[in-house]
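Peer 1: 3D model of this:
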Amino acid sequence: MDKAKPYLLLLTARSTGWAAGRFRRAAKDRGIAIRTLDPADVMLETGSDTGSVMIAGRRLSAPIAVIPRFGPGNYENGLALLSQLEASGIPTCNPGYAIALARDTYRTLLELRNAGLRIPKTARVLSIRDLKPARGIVPGPPWILKTFTGAMGIGTMLVRDVDQLEALAATLWALGQPILMQEYVYSSSGKSDDIRALVVGGKVLGAIQRLAPSGGYRANVHQGGTPQEIRLSRREKTIALKAAKAVGLNMAGVDWIETVNGPVLLEVNATPGFQGFESATGIDAAGAMVDYSLRLAGR
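Peer 2: As a prediction, the model looks like this:
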């Protein structure tokens, strides 16, 4: 790749979004340039010594580090681009293999279980014949139905009875969507809330509790959840770090529900939203991610 003035590369399809703006301000405050790139806009070439990344017929100059933030719909292009950059020796905040793992909800749950962390009972159901045995394994109703690769609360459904379960499952299968059937985990507060810890570079920046809107069951801020800052115990911080490490992520949002029997892990997100986190905590999350990127680059 061509050499140019040192800069960080932010891989995102939302170059004009809120998060991209925060990264630009954080980079400017630290005297480093940052560039956004939509993975869908590049052509990749391999076969030469290093390969190249082409944008409108011109080679991409090599960044000092990469911040990958892939949203729904651009994972394949993003992972291909990230693999090429990694092969060129460019440090990346999250490795491609870990991003791919985090995208797969079931494989993520397997890694969390193997790390000794509590997860909801979950069945990977591919056909109508498996629904009945799955009901014997997964406590309910109610149940949670999830697609394999949901994000921001999208692809997550609350199912209250067997008829609804069968109808929703049949609809998703007809659309080519295999499903996860999961037990509904009750919070110790009796409300539909969860906890999101933000991990950056082996440290827990902070945490928020996300309260679902009245009558809702999803606490994601993108789905109308209300964030409020909470303080984590040492044990909870250890759980968050252990979960991120199990999936291989250096920057992650770790989500769990606090039950009467302790935390139950739900998800480890490779592209955590942090607008609600910053507004509730006052912590400069974008700055922490930029600082970690610069440390990876030896700056």
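Peer 1: Which residue ranges make up each domain of this structure?
Peer 2: 7-92, 101-117+187-289, 122-183 (automatic domain parsing).
Peer 1: what separates the second one from the chain centre, distance-wise?
Peer 2: Yep, that's domain 101-117+187-289 we're talking about. Using CA atoms, centre = their mean, to the nearest Å, the distance from the centre of domain 101-117+187-289 to the centre of the chain it belongs to is 10 Å.
Peer 1: and what of the first one?
Peer 2: For domain 7-92, the distance between its averaged C-alpha position and the chain's averaged C-alpha position is 18 Å (CA atoms, centre = their mean).
Peer 1: distance between the ends of that domain?
Peer 2: End-to-end distance for domain 7-92, by CA to CA, to the nearest Å: 13 Å.
Peer 1: The closest residue to residue 44 other than its chain neighbours: neighbouring residues, count only.
Peer 2: Spatial nearest neighbour of residue 44, excluding adjacent residues (CB to CB, 6 or more residues apart in numbering): residue 84 at 5.4 Å. C-beta here means a position set from N, CA and C on the backbone, and glycine is covered the same way. Neighbour count of residue 84, defined by other CB atoms under 10 Å: 21.
Peer 1: where along the stretch 101-250 of the chain do the helices fall?
Peer 2: 105-114, 131-137, 162-174, 234-247 (DSSP state H, counting those that start in this stretch).
Peer 1: In a markdown table: those, plus mean neighbour count and distance to residue 16.
Peer 2: Converted to a markdown table, the helices of the stretch 101-250 of the chain look like this (neighbours: other CB atoms under 10 Å; distance: least, CB to CB, whole Å):
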| stretch | mean neighbour count | distance to residue 16 |
| --- | --- | --- |
| helix 105-114 | 18 | 29 |
| helix 131-137 | 13 | 43 |
| helix 162-174 | 15 | 32 |
| helix 234-247 | 19 | 29 |
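Peer 1: Mean pLDDT and distance to residue 15 added to the ones you listed, as JSON lines?
Peer 2: Below are the helices of the stretch 101-250 of the chain laid out as JSON lines (pLDDT from 0 to 100; distance: least, CB to CB, whole Å):
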{"stretch": "helix 105-114", "mean pLDDT": "96", "distance to residue 15": "27"}
{"stretch": "helix 131-137", "mean pLDDT": "94", "distance to residue 15": "42"}
{"stretch": "helix 162-174", "mean pLDDT": "92", "distance to residue 15": "32"}
{"stretch": "helix 234-247", "mean pLDDT": "97", "distance to residue 15": "26"}
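Peer 1: looking at those, which is closest to residue 93?
Peer 2: Closest approach to residue 93 among these (CB to CB): helix 234-247, 12.0 Å.
Peer 1: got the contact list for the helix or strand following that closest one?
Peer 2: Read in the C-terminal direction, the helix or strand following helix 234-247 is strand 251-259, with elements assigned using DSSP states H and E. Strand 251-259 is contacted from outside by 93-94, 102, 185-189, 193-201, 239-240, 243-244, 263-270, 272-274, 289, 292, using CB atoms under 8 Å, 6 or more residues apart in numbering.
Peer 1: tell me the contacts of the residue positioned nearest the centre of the chain?
Peer 2: By CA atoms, centre = their mean, the chain has its centre lying nearest to residue 269, at 2.0 Å. Applying CB under 8 Å, 6+ apart to residue 269 gives the contacts 102, 151, 252-255.
Peer 1: which of the residues you listed has the weakest pLDDT?
Peer 2: Scanning these for pLDDT, the smallest score is found at residue 151, 58.
Peer 1: which residues does residue 198 bridge with?
Peer 2: For residue 198, the beta-bridge partners under DSSP bridges are residue 206, residue 253.
Peer 1: With residue 236 as the reference, measure out to it.
Peer 2: Relative to residue 236, residue 198 is positioned 13 Å away (CB to CB, to the nearest Å).
Peer 1: so what's residue 130 up against?
Peer 2: residue 123.
Peer 1: quick one: the spatially closest residue to residue 288 that is not a sequence neighbour and residue 17, what's the gap?
Peer 2: Among residues not flanking residue 288 along the chain, residue 200 sits closest, at 4.8 Å (CB to CB, 6+ apart). Applying CB to CB, the value for residue 200 to residue 17 is 19 Å.
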